[in-house]
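**Student:** model the structure of this input:
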Amino acid sequence: MSGRPLQAAPIWSPASGTGSRVTLDRHWNTGDSSYLAAKLPPGDDKFPNAQPLSPSGIAVGSNRLATRQSGERGAAGQRGVHSVWFQFRAKSNGFLTLDTLGSSFNTVLGVYTGTSLGSLHQVGSNDDARGGFRYSRVVVSAVSGKTYWVKVDGKAGAQGTVILHSSFGPAAPVVTGFTPTSGPVGTTISVHGTNLIPAGSFLAMLDGQQVTIDFAGSTATNLVFDVPSGAGTGPFTIRTAGAIGVSDKNFRVT
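**Tutor:** All right, here's what the predicted structure looks like:
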């Protein structure tokens with residue numbers, strides 16, 4: 001896009017399955033898409049082994065054979081069954097945005113503060129980010145110096161591959177949909193969401209192809225551009241220096 005350049009970097013896309021995965025769980029072998037030890041629980045099954053999260057990254061793992069610990073709190077109205085834990089320490093005030101888009105099962109997500117499993121205080125939780133979708137999203141106003149404990153579990157005991165996106169800083173862009181959902185190169189698309197025109201540099205792409213934003217016709221909740229040459233069927237992605245927003249559906253080029 002013009003006016004606000006940001007160097008492109010490979011982003012793992014849940015829709016296409018390509019790009020880079022930033023943080024890997026010891027239970028999952030991304031090389032051959034299988035479990036390293038099929039009969040062992042994941043390394044971040046227990047609260048004390050919570051996996052650190054990047055301020056802008058993707059954690060990939062599984063909750064297969066993970067267990068609920070004594071005294072563990074539920075999330076989004078769901079009792080803990082196969083939970084895995086992550087942690088993030090805020091180095092400044094800002095918004096911590098988390099979602100499980102791309103996970104292979106119906107997730108629930110909980111975010112807590114505290115110093116031990118029994119003393120945790122829930123500051124955010126979610127079952128479904130939007131109606132009709134099974135992934136979860138939570139945004140927390142984080143305080144400098146505090147540690148935030150993040151739990152991913154399966155709804156009704158579901159298990160599978162965990163994809164957890166994390167970003168920290170100003171409010172991250174969130175993509176909730178776009179219209180139309182298909183069309184040829186040159187089709188004008190309106191992307192819906194929040195914080196879609198972030199302060200500073202950002203990069204907007206459709207199926208990995210950079211797009212040129214019509215700023216005169218766009219707002220923070222509605223971004224307008226034409227389908228670029230070279231784009232195929234794929235998601236819309238918007239990336240800032242510290243956050244990534246990805247559509248949960250693909251646009252189909254006809």
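**Student:** can you map out the helices along the stretch 1-150 of the chain?
**Tutor:** In the stretch 1-150 of the chain, no helices are defined using DSSP state H, counting those that start in this stretch.
**Student:** so, low pLDDT: which residues of it?
**Tutor:** Counting by pLDDT under 70, the stretch 1-150 of the chain contains low-confidence residues at 1-40.
**Student:** do you have the strands of it handy? List them.
**Tutor:** All strands of the stretch 1-150 of the chain, identified by DSSP state E, counting those that start in this stretch, fall at 23-24, 28-29, 34-35, 51-52, 56-62, 84-89, 94-99, 107-113, 121-126, 137-142, 147-154.
**Student:** need the contact partners of the fourth one.
**Tutor:** Pointing back at strand 51-52 there. The contact list for strand 51-52, computed with Cβ atoms under 8 Å, 6 or more residues apart in numbering, reads 23, 25, 43, 44, 59, 61, 84, 85, 86, 87, 88, 89. Where C-beta positions appear, they are placed from N, C-alpha and C, glycine not excepted.
**Student:** burial check on residue 230, number of neighbours?
**Tutor:** Here the count is done by other Cβ atoms under 10 Å, and residue 230 has 12 residues near it.
**Student:** need the contact list for the nearest residue in space to residue 126 that is not next to it in sequence.
**Tutor:** The shortest distance from residue 126 to any residue other than its chain neighbours is 4.4 Å, reached at residue 136 (Cβ to Cβ, 6 or more residues apart in numbering). Taking Cβ under 8 Å, 6+ apart, we find residue 136 in contact with 76, 99, 100, 107, 108, 109, 126, 127, 128, 129, 152.
**Student:** so which of the contacts of strand 51-52 is the most crowded?
**Tutor:** Busiest of the contacts of strand 51-52 [other Cβ under 10 Å] is residue 84, holding 29 neighbours.
**Student:** what sits against that one?
**Tutor:** Each residue near residue 84 by Cβ under 8 Å, 6+ apart is listed here: 25, 42, 44-45, 51, 61-63, 66, 151-153, 162.
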